[in-house]
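Colleague: Just to be clear, the model below is a prediction. Sequence and coordinates:
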Amino acid sequence: QVQLVESGGGLVQTGGSLRLSCAASGRTLSSYAVGWFRQAPGKEREVVAAIGRSGSLKYHADSVKGRFTISRENRKNTVYLQMNNLKPLDTAVYYCAARDGNLEYADVEYEYWGQGTQVTVSS
């Protein structure tokens with residue numbers, strides 16, 4: 001079983017940048033595909049980005065394509081989400097999640113979840 005801890009959230013102005021980290025413990029993260037999801041108040045949780053076990057396969061939602069980049073450093077047991085040109089609509093709690101298998105887009109496919117980190121973008 002793997003435990004996940006997100007960090008790097010905070011308050012930023014429109015156009016600013018943040019880098020979220022998802023650090024794993026318990027098992028090596030290279031065995032898992034990892035996704036970043038977000039949930040804004042009153043809205044359903046949505047996928048932001050996902051990455052396969054080796055890092056060669058990546059997915060970014062259309063809403064963040066060109067602004068966000070997912071990456072991983074398996075030797076550090078960490079997955080990152082670089083977020084640039086942030087907009088108020090990006091305000092949400094961001095979660096990382098892991099699954100023992102291939103990259104998937106649906107949150108129900110992910111077995112392990114972190115506690116989330118708040119990202120707030122002011123206008």
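Modeller: Everything's here; your move.

Colleague: who does the residue lying closest to residue 106 once chain neighbours are set aside bridge with?
Modeller: Using C-beta to C-beta, 6 or more residues apart in numbering and skipping the chain neighbours, the partner closest in space to residue 106 is residue 47 (7.3 Å). Yep, even glycine has a C-beta here, placed from its N, CA and C like the rest. Beta-bridge pairing for residue 47 (DSSP bridges): residue 37.

Colleague: I figured residue 33 hits residue 98, correct?
Modeller: Yes. Between residue 33 and residue 98 there is a contact under C-beta atoms under 8 Å: 7.0 Å.

Colleague: list the contacts for the residue most central in space within the chain?
Modeller: Taking C-alpha atoms, centre = their mean as the criterion, residue 36 is the residue nearest the geometric centre of the chain, at 2.4 Å. By C-beta atoms under 8 Å, 6 or more residues apart in numbering, the contact list for residue 36 reads 20, 22, 47-50, 70, 79, 81, 94-97.

Colleague: among these, which are in strands?
Modeller: By the criterion of DSSP state E, membership of the contacts of residue 36 in strands covers 20, 22, 47-50, 70, 79, 81, 94-97.

Colleague: okay if I get those residues as a markdown table plus distance to residue 110 and neighbour count?
Modeller: Listed next are the ones in strands among the contacts of residue 36 as a markdown table, based on distance: C-beta to C-beta, whole Å; neighbours: other C-beta atoms under 10 Å:
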| residue | distance to residue 110 | neighbour count |
| --- | --- | --- |
| 20 | 16 | 24 |
| 22 | 12 | 27 |
| 47 | 10 | 21 |
| 48 | 13 | 24 |
| 49 | 13 | 25 |
| 50 | 9 | 26 |
| 70 | 14 | 23 |
| 79 | 12 | 29 |
| 81 | 15 | 28 |
| 94 | 14 | 23 |
| 95 | 9 | 23 |
| 96 | 9 | 30 |
| 97 | 4 | 24 |
